[in-house]
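>>> let's see this in three dimensions:
(2 chains, ligands or ions: 2)
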Protein chains: 2
Amino acid sequence: LVSAMAEASHCSTKGLPLVRNISELPQDNYGRGGFSHVTVAGSFMHGMKEVEVWLQTFAPRSGTPIHRHSCEEVFVVLKGSGTLYLASSSHEKHPGKPQEFRIYSNSTFHVPVNDVHQVWNTNEHEDLQVLAVISRPPAKVFIYEDWFMPHTAARLKFPYYWDEHCFEVPPKDEL
Amino acid sequence: LVSAMAEASHCSTKGLPLVRNISELPQDNYGRGGFSHVTVAGSFMHGMKEVEVWLQTFAPRSGTPIHRHSCEEVFVVLKGSGTLYLASSSHEKHPGKPQEFRIYSNSTFHVPVNDVHQVWNTNEHEDLQVLAVISRPPAKVFIYEDWFMPHTAARLKFPYYWDEHCFEVPPKDEL
Ligand SMILES: [Zn+2]
Ligand SMILES: [Zn+2]
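Ligands and ions are numbered 1, 2, ... in the order given. Coordinates of the predicted model:
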């Protein structure tokens, strides 16, 4: 019960202090090894309607799924280094072999809307930590098993992992 | 001419590398002492349509103007400490005496839409550095001379300081 209440309290915008210590915010790996996610400012947790900010840490040899979304996304790399894999949207039926971009501490990049991408910690020696900003929360993310999966087979994961426990199914019309 | 060309090149999304070193991005104080602004990802400079990210540094005893905007804004404090002054939107004709919130390294806060606010470095000993995220760029900012200026007298500063040199007046209809 206490844990259920604690969880519920993560989903309420009520009673939260206006200024929050990021290191005291709820943090989870959502079942992914070597991963840590904190919703710094979120739709479900903090009532944001137009932008959402995440702090994410990836251990060596971990990263995001291969995915796409129609919202804008900006990354600021706070620590470590890694690789952005990016398949620019084309008229192909699948993403295809992605371009590779080196990302590094104090670098920034944004992902063009609907481009299939993956951020990966390719540095054996250090965690990769990023701030990610998305528009139009909550995130609607399509996930690919690999770079040659057809766009039409990508799976919509909604609500996304960190939004799941706060997502409320709209109440049924009781008529 | 060279300077005009350099300036123009800051305003074009063409030819920019996808991954950019933040410390190599154009940085300016826009005539304000003790201030430094970098557009990390911007509407005019990088073609962002839904979010914009700024890196700002305020020396002791400096900060933002007293202002409001109808976009969302999220701050992440990277270094230093200071004060958020916030006058929640009320039915008064002017903002009135603001509430004060201590902000500090690794803290985050967002500014409720249309609330009049000011971020100030009230720490004598250290710079205050923040990442600021806004929605719906470019920023449309109303500036107040003081906390008792009527809302109706606040001055719209558009384009905002760092957008000015990239702002193009829409071409006149030549009919
Ligand atoms: Zn993404
Ligand atoms: Zn503001």
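>>> now do the phi/psi pair for residue A:153.
phi -90, psi -10 (degrees, to the nearest 10).
>>> then residue A:161?
Torsion angles, degrees, to the nearest 10, at residue A:161: phi -40, psi -50.
>>> how close does it get to chain B?
Taking Cβ to the nearest Cβ, to the nearest Å as the measure, residue A:161 falls 21 Å from chain B. The C-beta positions use only the backbone N, C-alpha and C, and glycine is treated the same way.
>>> repeat for residue A:16
Distance from residue A:16 to chain B, by Cβ to the nearest Cβ: 10 Å.
>>> pull the number of nearby residues for that residue.
14 (other Cβ atoms under 10 Å in any protein chain shown).
>>> Provide a list of residues in contact with it.
A:45, A:46 (Cβ atoms under 8 Å, 6 or more residues apart in numbering or on different chains).
>>> work out for me the element it sits within.
Counting by DSSP states H and E, no helix or strand carries residue A:16.
>>> ok, stretch A:22-32 near chain B or not?
Yes: Stretch A:22-32 reaches chain B (Cβ under 8 Å from any Cβ of the partner chain) through A:22, A:23.
>>> in that stretch, which residues are buried?
A:22, A:25, A:32 (16 or more other Cβ atoms under 10 Å in any protein chain shown).
>>> hmm, who's touching that stretch?
Stretch A:22-32 is contacted from outside by A:10, A:35-40, A:55, A:62, A:161-162, B:76, B:106-108, using Cβ under 8 Å, 6+ apart.
>>> got the CA coordinates for it in PDB?
The C-alpha trace of stretch A:22-32 is given here as PDB (Å, rounded to 0.1, in the frame of the first residue of the first chain):
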ATOM      1  CA  ILE A  22      16.900  16.400  -9.600                       C
ATOM      2  CA  SER A  23      18.900  13.900  -7.600                       C
ATOM      3  CA  GLU A  24      15.900  13.400  -5.400                       C
ATOM      4  CA  LEU A  25      13.400  12.700  -8.200                       C
ATOM      5  CA  PRO A  26      12.200   9.200  -8.900                       C
ATOM      6  CA  GLN A  27      14.700   7.200 -10.900                       C
ATOM      7  CA  ASP A  28      14.200   3.800 -12.600                       C
ATOM      8  CA  ASN A  29      15.700   1.500 -15.200                       C
ATOM      9  CA  TYR A  30      12.400   0.300 -16.500                       C
ATOM     10  CA  GLY A  31      13.800  -3.200 -16.800                       C
ATOM     11  CA  ARG A  32      16.600  -2.300 -19.000                       C
END
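>>> what's the mean pLDDT across it?
Averaged over stretch A:22-32, pLDDT sits at 96.
>>> so how far is that stretch from its chain's centroid?
Stretch A:22-32 sits 12 Å away from the centroid of its parent chain (Cα atoms, centre = their mean, to the nearest Å).
>>> need the max-distance pair from the contacts of stretch A:22-32.
A:62 and B:107 (27.2 Å; Cβ to Cβ).
>>> which of these two has more residues huddled nearby?
Ranked by neighbour count (other Cβ under 10 Å), residue A:62 and residue B:107 place residue B:107 first, with 22 against 18.
>>> beta partners for the more buried one?
Beta-bridge partners for residue B:107, by DSSP bridges, are residue A:21.
>>> what do you get for residue A:133?
Going by DSSP bridges, residue A:133 forms beta bridges with residue A:53, residue A:74.
>>> and it, what does it touch?
A:51-54, A:73-76, B:41, B:51, B:53, B:74, B:133.
>>> swap in residue A:14?
Applying Cβ under 8 Å, 6+ apart, no residues contact residue A:14.
>>> count the residues that sit near the nearest residue in space to residue A:90 that is not next to it in sequence.
Nearest in space to residue A:90, with sequence neighbours left out and distances taken as Cβ to Cβ, 6 or more residues apart in numbering or on different chains, is residue A:96 at 7.1 Å. Using other Cβ under 10 Å, residue A:96 is surrounded by 12 other residues.
>>> pull out the buried positions in stretch A:15-22.
Within stretch A:15-22, the residues that count as buried by 16+ other Cβ under 10 Å are A:18, A:19, A:20, A:22.
>>> got the residues of chain A near chain B?
So far as Cβ under 8 Å from any Cβ goes, chain A lies against chain B at A:18-23, A:40-41, A:46, A:48-51, A:53, A:71-72, A:74, A:76, A:84, A:86, A:101-104, A:106-110, A:131, A:133-136.
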